[in-house]
Each structure stands twice: as structure tokens, then as C-alpha cells.
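Novice: Build me a structure from this.
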Amino acid sequence: MGSSLQEILSGGGEKKRSLFGIAVRTAPYLLLALLSSVFALGYETTYPYIFLLLFSLYIILSGINLFVGKRAIVLLLLGLQFMGEFLMVRYQEVPAVAHIVHLSFYLVFLSILDLRSALLFTVLQPFPHIHEILNGRSLETGLLLFAMVLTGGVVLFVIERLRRRIVGYQQSLSRLRKGADGLVDSGPELGRESMLSRYLSYMEEREKDLLDILIMAERSLAADSVSLVLLEEGRLRVSLSSGYEDLVLVDEGLVHQVFSAKTPLFMIAERQNELRVGYNREGLLSFMGVPVMDGETILGVLVADSLRYRAFDQKDLELLEMFSAEAAKVLRRQRMFARIEIEYRSLKILYRESARYGEILDIDEVSSRVVRSAEEISGARALLFLRQKRAYTVVPPSGRGRITRWKGSLLGRVIEAGEAVYRSDLSQDSLPALPEGLDIDGEILSVILIPMFHEEETVGVLTVFSPERDAFTSHLFELLKVLAAQASLSISNALLHEEIRMLALTDGLTGLYNHRHFQERLAEEFRKAERFSEPLSLILTDIDHFKKVNDTYGHPAGDAVLKGFSGIIRETVREIDIPARYGGEEFAIMALKADAGEARKIAERIRKRVEAHRFEADGVSIAVTVSLGIASYPRDASSREELIERADQALYKAKESGRNRTVLYSKMRGG
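Specialist: Residues are numbered from 1 along each chain as shown. Predicted coordinates for the structure are as follows:
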């Protein structure tokens, strides 16, 4: 019931809005009639305030109509004319110069209006002149209106022709741009203007060669003209003619018949206008048309015609077929040359980018350059998913900057299968291109995903995508695979360089930072904490009775415990924290941006996990506990050295108090 009532009310509201819109659009025309009546009755001089009131309402409603339709501008222009007439009548002067100004006013605004608005403006012209017509100046006013209509008609004719010509130029430019886009597989990296300029040069050269063929055919066949009709954007268009300038296809005539049948056609007419050739040429008595073929593909039709009776015979048709074959060669050759040069330039860009990879050993720089190269070659957006432990880092950062889940997407399929994928229309695909959580505007409809390898393992996936269908081609796909292969070598070198660098910074047994590098990082992070007034905590931890483990189970078992303990630390701390092997069985953790309370939570998680864990070594299960001491900046220390000393004192207190516990330095002081 409520729903029905709401629908009724909604329908009533829509009806009211519709009636209001009609009233707003109609009111200016009613006021226009009233203004004309005022002028006809002479009230504009007797009761000028009535005229001014009506005029004000007319201007207001016409202004409101500007938001409804573009032809409301005609009403405003007419209002200006009414005001001009009012002023002239008011001061009882209608000089000839005023009519000249009026005519100029009319022609200027006629030139900026569209065709329908201009016609409406012309039809309404008598209304402002109603006073003159009814007060003894009908002949003068009639001549003025006649001059306005005559000159206005000429102006409209010229302007309309210019507009159509401009539209034709715009369509031609659009076809040229599309031709240039279709010619180049990897066009955007060459620059659209450069690409269009190059394509135009090819078209100019092709047109010259084809026109030479048409002129030669015309002279050889003694034809009135020979014309070339080509298939462009799915439609037949007259491309060139040796004898006509404005030849246009007009209907389904003989030209379309030759194109559809892909066979030559020779026609003779007994009377003029008997041949329906299919283009704007009258009175032809002889016609020949042959298909222009590139292998099995039809490119267009070559046409010869004449006003003479029996101007051609069968031998002429065979000769026209020879000229058609030459035209097909020109079309094929020019397109092939253009494609070869563009592909050469694409390969040149690929070579230039690839040559630089061997010089770079920093993994971040390599990753950024790969993405830039892919975007330059493809003209589309690119992302690189680079594996780091159990996740993939996104370059450049997008969304959260890393992904941990990729199954259920094409990216996941590429990671698992290790094979490159190209999809030209993802609207038909059951899987999304990329997992959720990435900062990508709009829908992805075309995508290329190429895996990158290091020692036969997938270390990354290069992804190029577009919101358009069929945005890429097989040629671009192959280019990007070469780029990815080159980049894979560079990434492998960078990873090896990173491994060597990390060997100097990390402990060989546990994989955590060594003591020297930890001290360097602690000094760096302490300076940051001071500069930005942020807390920084240091956790020192020690395995309880570790010597007993070595003495009881042997040093290999002790190493297994150290390695297992480091793994627990790595898994338990936050991503921003920095753990290290401090020496022997002692470990250190920098808890960045964490006060003593936050650091204690981290320490307790580590202690409880170690207490519950059993370390396996040579079939033996070993249980250990750990003690932890914590000091924090700025509460407990004012320098890096003090921070280390206070954390060490807290650790000593934990051991002294019975081990398997966490001690805060601030609690030791009773804080």
C-alpha cells in the first residue's frame, strides 16, 4: 500500500515538473506576443512602464530557458531588438543608420547560431518591427526585412557549407589518426603527433604512386576517368580519381556489385543514365570495374568510365586488371614499409632500455626502470609484482603496496604456471586480471602478464593493462616478453648482488642482522627518533642456560636452537621492527615507534612462544626459556649508549630474578 502511494505521489511530482517545464518554455513566446501587441497599439509610448515590465519578465524567462534549450539565445537576441526599437520609437527617430546597424546585428548573430536557431531568429524578425509596419513605414520595413532574409540566406548557405567542410576535414583527420593507430602496434611510445606525421608522409607517397597508376590507366584505356574505391572503416570510399574531384559513392550500384562478387564487371548502356554505377556521375554509357585484391583479401575496386558508347572492350578489361594488380602492390608495399620502420623503431627503444639494465645492480632501481620501459613501449599503465618472501611487492606502490593473496586471479595463474598470458577482452573471462586491494581506476579489459625468473623460480610478474578492449597486439606481446626476459637477467644480477651484500650484513646461522650492522641501524634510527620526537625501544634477550644445552646435546643441537629461536623472533616482531643476533646466544630487537608498554607486549609474545615450543635436533626435543630486558627512549635513556646499557641492565635483572621473564628498566627504578 505504502509502495503504491509512493508511486502515485512520485508520478504526480513528475507530472507537475513536466507541466512546469512546459510553462517555462512557453511563457517567453506568450510575452513576445504581448510585447508585439504593445507595440502595435502604441502603448510603448503611452504606458512605457507596462512595456518595461513585460520586457523584464521576457528577459528573465528567456534567461531561465537557457538552462532548458540552446535556442533560448534567440529569445534573448530578439529581446535586445525590442529594446532597440523601443528606444527609437520613444525618441521618435528611426534613422537609416539604425536599420544598417540592425541588419549588421542580425547577420553577426546569424553567423554564430546553429541552423535551426538561425531559421527561428529569421522567422521572428517581423515582431520587433510591428510598430513600424502598422504606422506608415511598412514599405521601408518590408524592404529591410527582405534585405535581412536575402543576405541572411546567403550567409546561412555559406556558413552551412563551411560547417560541412569542417566536419569533413574532422572526419578525414579522424580516419588518418585511426589509420596511424592501426598501423603501429606500439604507437604511443613514439608520440601521437610524430606517429601521425609519419603516417601522413606514407599516405602522401602512396597517393602519388596510386595517382600515377590511375592517370596511366586513363590514358591507356582512353577513359574519361579511372577511380580507386577503397574499403575504409568498414565502408567503401572513393580514395582517388584521375578525372573527378568530388566523386562520392551514392547508392548500391555497380561498384558495390564488383566488391561483393570479387569479380570484374564490364557494362555498356544503350541510353544515358541507364547505368547505376553507384557514384555521382551522370550520363555514362561505358563502365568497367575490377576488384583490387591482396591475396584473398579484397581492398577495394578500380573503376573506369566514359560518356562514349562502347568505349571499352574485353581487352581493356584485362588491361584494367593489370593496373589493379599494380595498385594492390603499392598498397601492400607502403603498408609493409611503414610497419617495418615502426617495428624497427620499437625494437630500437627496446634495445636502448635493455642495454641499461646490465649497468644497474640495485633491485629497486631495476624494478622502477622495468615499469617505465613497459609503459613507454606499450603506452599503457604497468605494474611489477616482485616476490619478497611470502608476499609480492607492487612497483610502483599501489594500494597497500604489497599483496599476500593472489589466487583466483590471472596474476595467480601466471605465478603458479609460470607462463605469459594476454587477454584482449576480460569481460569474457571468468577471472579478474589482478587481486583486490590495488589502487586501479576503472575496469581492466585488456591485460598482459609476463612472469620473470631467477634460477627457474618466479621472482616477479610484469603486468601491462588498459581499460579498452583489444588495446594490445601480438607484436607488442612479443616485445614485452623480450623486455621481461632482459629485465629478468638484470633482476637476477641485482638479487645476487643483494645476497652478497646481505652476507656482509647478516649472521650466517640465523639470517638476522649481525652485531656491526645492528649498531649502524640503531644509531640511524636513534637520530630519527630524536629528530621526530618518536619513541624507540630496545629489547635484549638471552637463551637461559644455553651452555647447558651445548654441553648436554652438543653444538649442532645448540645451533638448531639458535636458528629456531631466530625464526620465532622473525615471525613474532612487527614488520617495522629490526631484529639482530647480538652475539652468542644473545639477540636484540629494535622496536621502532614503540614505547616501553608496546615493547613489553612484543617481548612477552616471544617469551611465551619460546616457552611453548620444542626445538628438534637429531631426533631430540629440546625445551628452553628466554629472558628479556627492555629500555626505551626518551623515558629511560637520552643517548644510544645509554639505551644499550639500560636494556642490558634490565636483561641482567631478569636473569637474576629467576629467568624466563621480561623486565622493564623503568620498573627497576620504580617508575
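Novice: just the helices in the stretch 551-671 of the chain please.
Specialist: For the stretch 551-671 of the chain, the helices defined by DSSP state H, counting those that start in this stretch occupy 555-572, 596-612, 640-656, 665-668.
Novice: The closest residue in space to P432 that isn't next to it in sequence: neighbouring residues, count only.
Specialist: Spatially, and ignoring its direct neighbours in sequence, P432 is nearest to S409 (5.2 Å; CB to CB, 6 or more residues apart in numbering). In this view, the C-beta of every residue, glycine as well, is placed from N, C-alpha and C. A count of neighbours around S409, defined by other CB atoms under 10 Å, yields 18.
Novice: so what's the residue lying closest to A311 once chain neighbours are set aside bridging to?
Specialist: By the measure of CB to CB, 6+ apart, the closest residue to A311 outside its immediate chain neighbours is S286, 3.8 Å from it. In this structure, S286 has the following beta-bridge partners (DSSP bridges): I268, S306.
Novice: Kindly check the end-to-end length of stretch 433-449 for me.
Specialist: Between the opening and closing residues of stretch 433-449 there is a gap of 9 Å (CA to CA, to the nearest Å).
Novice: go on, stretch 461-476?
Specialist: One end of stretch 461-476 to the other measures 16 Å (CA to CA).
Novice: which parts of that stretch are buried?
Specialist: With burial defined by 16 or more other CB atoms under 10 Å, the residues of stretch 461-476 counted as buried are V461, L462, T463, V464, F465, S466, A471, F472, L476.
Novice: try stretch 239-247
Specialist: Taking 16+ other CB under 10 Å as the criterion, stretch 239-247 shows S239, L240, S241, S242, G243, Y244, L247 as buried.
Novice: How about the secondary structure of the first one?
Specialist: Three-state assignment for S239 (DSSP: H, G, I helix; E, B strand; the rest coil): strand.
Novice: From I213, how far off is it?
Specialist: Remark: distance between S239 and I213 (CB to CB, to the nearest Å) = 12 Å.
Novice: just the fifth one next, same as before
Specialist: Distance check for G243 against I213: by CB to CB, it reads 14 Å.
Novice: Can you convert the helices of the stretch 551-671 of the chain into TSV and add a column each for mean pLDDT and distance to V414?
Specialist: Written out in TSV, the entries for the helices of the stretch 551-671 of the chain read as follows (pLDDT from 0 to 100; distance: least, CB to CB, whole Å):
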stretch	mean pLDDT	distance to V414
helix 555-572	93	28
helix 596-612	95	36
helix 640-656	94	46
helix 665-668	88	51
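Novice: Quick check: chain neighbours aside, which residue is closest to V610?
Specialist: Nearest one to V610, counting by CB to CB, 6+ apart, is V626 at 5.0 Å.
Novice: no, scratch that, I was asking about Y244
Specialist: Counting by CB to CB, 6+ apart, the residue nearest Y244 is S225, at 5.6 Å.
Novice: Quickly list what the one you found is bridged to.
Specialist: According to DSSP bridges, D305 are recorded as the beta-bridge partners of S225.
Novice: Can you report how many residues lie near it?
Specialist: Using other CB under 10 Å, the number of residues around S225 comes to 19.
Novice: Let me know whether it touches D305 as I believe.
Specialist: Yes: the pair S225 and D305 qualifies as a contact (CB atoms under 8 Å) at a distance of 6.2 Å.
Novice: for the closest residue to L240 other than its chain neighbours, helix, strand, or coil?
Specialist: Excluding the flanking residues, the one nearest L240 by CB to CB, 6+ apart is L228, at 4.8 Å. Using three-state DSSP, the structure places L228 in strand.
Novice: Could you do Y309 as well?
Specialist: Using three-state DSSP as the criterion, the local structure at Y309 reads coil.
Novice: Tell me which residues touch the nearest residue to it once chain neighbours are set aside, please.
Specialist: The shortest distance from Y309 to any residue other than its chain neighbours is 4.7 Å, reached at L285 (CB to CB, 6+ apart). Under the criterion of CB atoms under 8 Å, 6 or more residues apart in numbering, the contact list for L285 reads I268, A269, Q272, E274, L275, S306, L307, R308, Y309, R310, A311.
Novice: what about burial for these, which qualify?
Specialist: Judged by neighbour count, with 16+ other CB under 10 Å as the criterion, the buried members of these are A269, L275, S306, A311.
Novice: out of the residues you listed, what pair is the most spread apart?
Specialist: Across the buried ones among the contacts of L285, no pair lies farther apart than L275 and A311, at 12.0 Å, counting by CB to CB.
Novice: Can you list the residue ranges for helices in the stretch 401-550 of the chain?
Specialist: Across the stretch 401-550 of the chain, reading from the start of the chain, the helices by DSSP H, counting those that start in this stretch fall at 410-417, 474-505, 515-532, 546-553.
Novice: Relative to S657, which of those is closest?
Specialist: helix 546-553 (18.0 Å).
Novice: gap between the closest one and the chain center?
Specialist: Counting by CA atoms, centre = their mean, to the nearest Å, helix 546-553 is centred 65 Å from the centre of its parent chain.
Novice: Understood, closing this out.
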